[in-house]
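Student: here is a sequence with its predicted model. Questions after.
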Amino acid sequence: MRRLFGVLRLLAAGAIIVAIVGQFAQSWSMVADQAFFLVNFFSFFTILSNALSAVVLLIGAWLALARLADPDWFNLLRACIVTYMATTLVVYNLLLRDISLDQATTVPWSNEILHVWAPLYLLADWVLAPGRRRVEWRRLWTIAIFPIGWAVYSMIRGALVDWYAYPFLNPAQEAGYRGVALYVIAIAAFILLVGAGIIALSPTPWPHEPAESDRFAGRAERTETASA
């Protein structure tokens with residue numbers, strides 16, 4: 001089963017990379033200020049979370065094909081990425097699907113992969129793939145570090161260059177900074193809520209045997225010790 005998910009992770013990572021490159025190439029050919037566009041493109045939470053997802057999926061594919069269980073550091077990293085991608089799925093489809101973003105022409109198939117199918121796969125992988133380990137509740141704040149850092153970066157850079165990745169971050173909206181603050185607080189609360197759900201799922205045995213991942217981990221650790 002782990003080998004199957006190793007292959008699926010390779011395919012999912014490939015699809016994400018192709019989607020990012022497809023959107024980048026389309027936009028790159030249409031913008032006037034390409035240097036400004038380059039920074040803007042990689043300032044979108046969607047692009048960053050998907051790029052990180054591709055990296056994590058490639059690491060996860062290697063672990064699934066080469067090891068019997070995932071190490072704790074990867075389990076935490078995977079929990080973070082699943083949280084970010086679930087947030088991308090919900091925020092985009094609730095707030096942004098009908099809004100045209102200022103990045104030239106959106107590539108429809110790329111848009112769907114990055115905002116719908118990739119997040120859904122990451123969620124399914126977290127629930128179904130064997131090798132998942134318990135994530136401690138104190139790690140919930142670790143999950144929040146990247147989104148908080150991104151929000152701070154977006155607001156500082158936005159004030160300097162007068163460009164914001166998403167309309168709800170722009171203080172030029174009718175509600176001004178108060179409206180931005182409300183959106184940021186609401187999304188931060190949602191991220192913590194999703195992260196809590198991801199952590200709550202981490203120790204659950206379904207659909208695998210309760211001791212499966214721990215048994216695999218113990219066997220892997222003994223093998224590594226013997227090899228050393």
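Tutor: On my side now, so go ahead.

Student: which secondary structure element contains residue 98?
Tutor: Using DSSP states H and E, residue 98 falls within no helix or strand.

Student: burial of it, as a residue count?
Tutor: Residue 98 has 6 neighbouring residues, counting by other CB atoms under 10 Å. The C-beta positions use only the backbone N, C-alpha and C, and glycine is treated the same way.

Student: for residue 12, what are phi and psi?
Tutor: When read as degrees, to the nearest 10, the backbone of residue 12 gives phi -70, psi -40.

Student: could you find the closest non-adjacent residue to it?
Tutor: Among residues not flanking residue 12 along the chain, residue 121 sits closest, at 4.8 Å (CB to CB, 6 or more residues apart in numbering).

Student: ok, that neighbour to residue 151 distance?
Tutor: Separation of residue 121 from residue 151 (CB to CB, to the nearest Å) stands at 26 Å.

Student: between these two, who's got more neighbours?
Tutor: Legend: neighbour count by other CB under 10 Å for residue 121 and residue 151, higher for residue 121 (21 against 17).

Student: any idea how far that one is from residue 109?
Tutor: 15 Å.

Student: same thing with residue 130?
Tutor: Taking CB to CB, one finds residue 130 at 31 Å from residue 109.

Student: picking that back up, quick check: the residue nearest to residue 12 touching residue 10?
Tutor: No. Using CB atoms under 8 Å, residue 121 is not in contact with residue 10; the gap is 11.9 Å.

Student: and the residue nearest to residue 12, what helix or strand is that in?
Tutor: Secondary structure from DSSP H and E places residue 121 in helix 118-128.
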